[in-house]
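> how would this look folded up:
(one chain, ligands or ions: 2)
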Amino acid sequence: MTGLRVAVPKGAIFEDALRALEGAGLPVEVLRENGRKLIYRAEDTEFIISRPTDVPVFVEHGAADVGVVGKDVLEEAEPNVVELADLGTGWCRMILAAPSGNAESVRRAIGRAEVVRVGTKFPRTARRYFESLGRQAEFIKLHGSIELAPLVGLADCIVDLTATGTTLRENDLAVLDEISTSTARLIANRGSYRLKHREIARVVEGIKSGAAGRRRVGEGVG
Ligand SMILES: Nc1ncnc2c1ncn2[C@@H]1O[C@H](COP(=O)(O)OP(=O)(O)OP(=O)(O)O)[C@@H](O)[C@H]1O
Ligand SMILES: O=P(O)(O)OC[C@H]1O[C@H](OP(=O)(O)OP(=O)(O)O)[C@H](O)[C@@H]1O
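Ligands and ions are numbered 1, 2, ... in the order given. Model (predicted):
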């Protein structure tokens with residue numbers, strides 16, 4: 001019995017988010033219906049299904065009490081929310097990459113402080129990275145298939161996520177630098193965290209103990 005509204009991201013981290021929320025005692029089974037509904041109710045918990053990048057928007061504005069979102073999205077959007085737990089899943093890397101054949105010339109261009117064109121879904125993250133190098137760049141905002149940009153002359157390089165490396169490999173792109181790593185996080189609305197502290201703390205505890213188990217399993221691999 002939580003009385004919480006929970007924002008769940010569709011896409012890459014949907015299943016992991018369900019498993020973590022389930023481990024924290026939330027009645028997520030209803031979300032496995034596979035329909036087109038956007039709101040699901042079970043017991044006194046409400047789940048809303050949103051685009052991953054919109055999860056912090058719903059949470060910041062109080063339209064959801066808590067939500068699950070990648071750290072990469074939090075670093076890009078810097079929403080005014082409380083970050084409460086690391087789910088330990090949805091691991092990926094934010095990288096700078098360029099076509100293998102151009103990788104060295106792009107690296108040299110950045111080294112010479114030439115203004116390179118960067119295709120990315122994460123322009124603020126990319127800008128911060130170039131600023132940390134003391135370099136300027138032109139950022140071209142895209143919403144998907146970022147790897148395409150340098151292959152068709154839209155950009156010299158990209159700042160994007162990679163997990164298995166398959167997309168980079170199949171499109172013949174090389175990693176020039178790793179900017180950060182990301183895993184899925186539980187976030188809460190600031191007001192909800194005060195008003196529904198006990199309910200949210202219970203979810204956080206459940207997720208943290210589940211995440212510890214997930215890390216132990218992961219550590220045993222390889
Ligand atoms: N290939 C991947 N493997 C594992 N996790 C990933 C991968 N790509 C992204 N992620 C993680 O999952 C989150 C959601 O990614 P997904 O690809 O489902 O979103 P999206 O459809 O691009 O989002 P939106 O449409 O809202 O911009 C990312 O923010 C990141 O934390
Ligand atoms: O290293 P990999 O395992 O191949 O994963 C990397 C891909 O996953 C994400 O794309 P997504 O699937 O979200 O599609 P998108 O291009 O439409 O954003 C990311 O933007 C990469 O393109």
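> could you use CA atoms for every contact and neighbour count after this?
Will do.
> looking at this structure, which strand is longest?
Of all the elements of type strand in the chain, the one with the most residues (DSSP state E) is strand 173-182.
> what is the next helix or strand after it packed up against?
Reading on from strand 173-182 to the C-terminus, the next helix or strand found by DSSP states H and E is strand 184-188. Other elements packing on strand 184-188 under the criterion 3 or more C-alpha pairs under 8 Å, 6 or more residues apart in numbering; DSSP states H and E are helix 55-60, strand 66-70, strand 82-86.
> got the residues of this structure near ligand 1?
Those residues of the chain that sit near ligand 1, judged by C-alpha under 6 Å from any ligand atom, are 11-13, 51-53, 70, 72-73, 90-92, 161-163, 182-184.
> measure the spatially most central residue of the chain to D172 for me?
Ranked by distance to the mean C-alpha position of the chain (C-alpha atoms, centre = their mean), the top residue is G70 at 2.4 Å. Between G70 and D172 the computed distance is 26 Å (C-alpha to C-alpha, to the nearest Å).
> what of V66?
Looking at V66 against D172, where the rule is C-alpha to C-alpha, the gap reads 39 Å.
> wait, a helix at A12?
No: according to DSSP: H, G, I helix; E, B strand; the rest coil, A12 belongs to no helix; its state is coil.
> now the closest residue to it other than its chain neighbours: phi and psi?
Ranked by C-alpha to C-alpha, 6 or more residues apart in numbering and with sequence neighbours excluded, the top spatial neighbour of A12 is G90, at 7.5 Å. The phi and psi values for G90, taken as degrees, to the nearest 10, are phi 70, psi 30.
> again with the one 10 residues further on
Summarising the backbone geometry of S100 under the convention degrees, to the nearest 10, its torsions are phi -50, psi -40.
> same check, this time on L133
phi -90, psi -10.
> just H143 next, same as before
phi -110, psi -10.
> distance-wise, check the nearest residue to it once chain neighbours are set aside relative to S100.
With C-alpha to C-alpha, 6+ apart as the measure, K121 is the residue that lies nearest to H143, at 5.5 Å, once sequence neighbours are left out. Shown here: K121 relative to S100, a distance of 21 Å by C-alpha to C-alpha.
> got a list of contacts for stretch 183-203?
Stretch 183-203 is contacted by residues 2-4, 13, 17, 21, 24-26, 56, 59-62, 64-72, 80-92, 204 when judged by C-alpha atoms under 8 Å, 6 or more residues apart in numbering.
> so where is the chain shaky, pLDDT-wise?
When residues are selected by pLDDT under 70, those of the chain lie in 1-2, 214-222.
> if you set the cut-off to 50 instead, what comes out?
220-222 (pLDDT under 50).
> picking that back up, the residue nearest to H143 against L142, yeah?
Yes: using C-alpha atoms under 8 Å as the test, K121 is close enough to L142 to be in contact (5.1 Å).
> what about these two, which has more around it?
Residue environment comparison for K121 versus L142 gives the larger neighbour count to K121, 22 against 13, counting by other C-alpha atoms under 10 Å.
> for that one, what are its contacts?
Under the criterion of C-alpha under 8 Å, 6+ apart, the contact partners of K121 comprise 141-144, 146, 159-160.
> can you do 6 Å?
Applying C-alpha atoms under 6 Å, 6 or more residues apart in numbering to K121 gives the contacts 141-143.
> which among these gets closest to ligand 1?
When the contacts of K121 are compared for distance to ligand 1 (C-alpha to the nearest ligand atom), H143 comes out closest, at 6.4 Å.
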